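A.B. asks: quick check, what structure comes out for this input:
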Amino acid sequence: MPEGVASVDPRSQPADGFTIVEVVVAITVLVVAMLGAALLFENAIVVSGNTRNRVVAANLATQQMESVRGLAADPTKFTTIPQGQTVFSGPGQVVNGVQYTVTQNVQFVGQSSSTSTCDSPGSTTGQIMQVNELVTWPGMAGTKTVKEVTTLAPPVGAYSASSGSIAAKVFDSTGAVSGNINIQVTGPTTVTQQTTSEGCSYFAFLPAGTYTVSVIEGTGVGDQETAVPAQTASVSVGQTASVQFQYDKAATIVATLPSPGNTAGAPPYATGMSISVVNPGLQPYGQYSFSAAGDVTTSPSLFPYASGYTVFAGNCTDNNPLGKDNNKNLFYPTAAPVPIAVPPGGSAATTVPLYNVAIHVQNATAVPVSGTVPTAAETTTFGVPYTAVCTTGTASGTGPTLGLVTLNATGDSVTALPLGHWTLKATCNKPAAPCVAANKSATLNVWVKPDAVYGVDATGAATVPYVGPITMVVA
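C.D. replies: A predicted model of the protein is given here:
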């Protein structure tokens, strides 16, 4: 450096412009501000769009309401107004490329009440029509449904002097009302309509007579395990007959029977068995039965009772672990299976308990009888209190006869059986060894209980448990 020139440290001089940190901070502030502005702009667009959609929806609701008012003003057309729930969602509800859905609920109510006639049945005179229009569209983003409600008084001449009505209400398995369910009445005339959002179908202006009221939705099952539940209603002039249904999506239970195919060491189960499901809501016997289809059986469509089902093998009261005798006492006080809950449209799995019954069959000289098939018949002929009642669920019937495991070379058979009173029978016919004559047989009454197999007295009461195989002598 030349002499006389002072040295200057560049770091001691003030910097011109912005540092990198200041630039980053400035950009960050700008971005945050722009994002906030964009959000406000977006919200403004959403609000503007929703406002526009609500205006269109209100116009559609008014348009549909006016079409109903036009029919209601004419006594000859008032009765043609569709009752129940009707959904409009077609080309006529497309505006500016947006598909709107108009749901119309039409029901009759009392002049001093907004409650549907299903909830306050009685005289048809003094009833007025309530029309409820609901409009929705895709992407509502929390916007409330557009709703328009009005009531219409029937014009003079609308009511017939010879007509009455039927009010049908539908509930699901939880007790909530079910809308949009198809109900049909058949009788002097046939009419079909859907339930409103209040679960009500009101059939006005029906000629007096007897009608069958049915749920014909076809997507579920009634509380009595029927796909098309139905009730009878009698229509009187000027009166409303009221019926109620429980209907929901069908459920199933997958029942597994213990056998060598699915449970190690278990003996084969008897053939010809039924499987029953139990719920107090089932009438008149509290159970519904169906045939076992093998190791694993899927039940027919079941109503999804919130309280669930008890599942057991057999179809008689003493097969049921919670069954009661003629004195209303439990057959098995210590047996308490946990009910199986099945959700609407769902399925649940369970293993059905069976109980081992071992027999040994021989002739009068103690020679084993082999090669024949013993049987076990449900015994229903004992006196009070042990008489069992057998049923399919809708009607009483005779007890089943089950096939046991074929007697082996030593005359032995072990079979898994349901609970209950059984008459065991072993038959020896020529040429099965050691039979020397035809139609020789032995029978024995037993009671299969959860803890053991018992002998019984003349009334069917248990005596002493069997220890080891039950010996039966064919003579």
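A.B. asks: contacts for stretch 315-329 next, please.
C.D. replies: 274, 276, 278, 287, 289, 310, 312-314, 330-332, 335-337, 353, 378, 380, 384-393, 399-400, 418-421, 450 (C-beta atoms under 8 Å, 6 or more residues apart in numbering). C-beta: built from backbone N, CA, C; applies to glycine.
A.B. asks: pull the helix or strand with minimum mean pLDDT from the protein.
C.D. replies: helix 20-72 (a mean of 74; mean pLDDT, DSSP states H and E).
A.B. asks: return the set of buried residues in stretch 184-197.
C.D. replies: Within stretch 184-197, the residues scored as buried using 16 or more other C-beta atoms under 10 Å are 184-185, 187, 191, 193-197.
A.B. asks: how long is stretch 462-475 end to end?
C.D. replies: In stretch 462-475, first residue to last residue: 26 Å (C-alpha to C-alpha, to the nearest Å).
A.B. asks: I'd like the average pLDDT over it.
C.D. replies: Average pLDDT, stretch 462-475: 93.
A.B. asks: quick one: it to chain centroid distance?
C.D. replies: Per C-alpha atoms, centre = their mean, to the nearest Å, the displacement of stretch 462-475 from the mean C-alpha position of its chain is 44 Å.
A.B. asks: next, the buried residues of that stretch.
C.D. replies: 462, 466, 470, 472-474.
A.B. asks: those in strands, which ones?
C.D. replies: Within the buried residues of stretch 462-475, residues falling in strands by DSSP state E are 462, 470, 472-474.
A.B. asks: which one of these is nearest residue 369?
C.D. replies: The shortest gap between residue 369 and any of these belongs to residue 474, at 5.5 Å (C-beta to C-beta).
A.B. asks: hey, what's the closest one bridged with?
C.D. replies: residue 363 (DSSP bridges).
A.B. asks: quick one: contacts for it?
C.D. replies: 361-364, 369, 426-428, 435, 440-442.
A.B. asks: quick check: PyMOL command selecting the buried ones in those residues.
C.D. replies: What follows is the PyMOL syntax for the buried subset of the contacts of residue 474, where burial is set by 16+ other C-beta under 10 Å:
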select buried, resi 361+362+363+369+426+427+428+435+440+441+442
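A.B. asks: so the nearest residue to residue 86 once chain neighbours are set aside, which of the three states?
C.D. replies: Ranked by C-beta to C-beta, 6 or more residues apart in numbering and with sequence neighbours excluded, the top spatial neighbour of residue 86 is residue 104, at 4.7 Å. What DSSP: H, G, I helix; E, B strand; the rest coil gives for residue 104 is strand.
A.B. asks: residue 104 against residue 132, yeah?
C.D. replies: Yes - the criterion here is C-beta atoms under 8 Å, and residue 104 meets it with residue 132 at 7.1 Å.
A.B. asks: from residue 190, how far out is the nearest residue to residue 384 once chain neighbours are set aside?
C.D. replies: Nearest non-adjacent residue to residue 384, counting by C-beta to C-beta, 6+ apart: residue 326, 4.7 Å away. Noted for residue 326: a distance of 45 Å to residue 190, by C-beta to C-beta, to the nearest Å.
A.B. asks: for the stretch 51-200 of the chain, which spans come out with low pLDDT?
C.D. replies: 110-117, 120-126, 157-161 (pLDDT under 70).
A.B. asks: right, I'll call it a day here.
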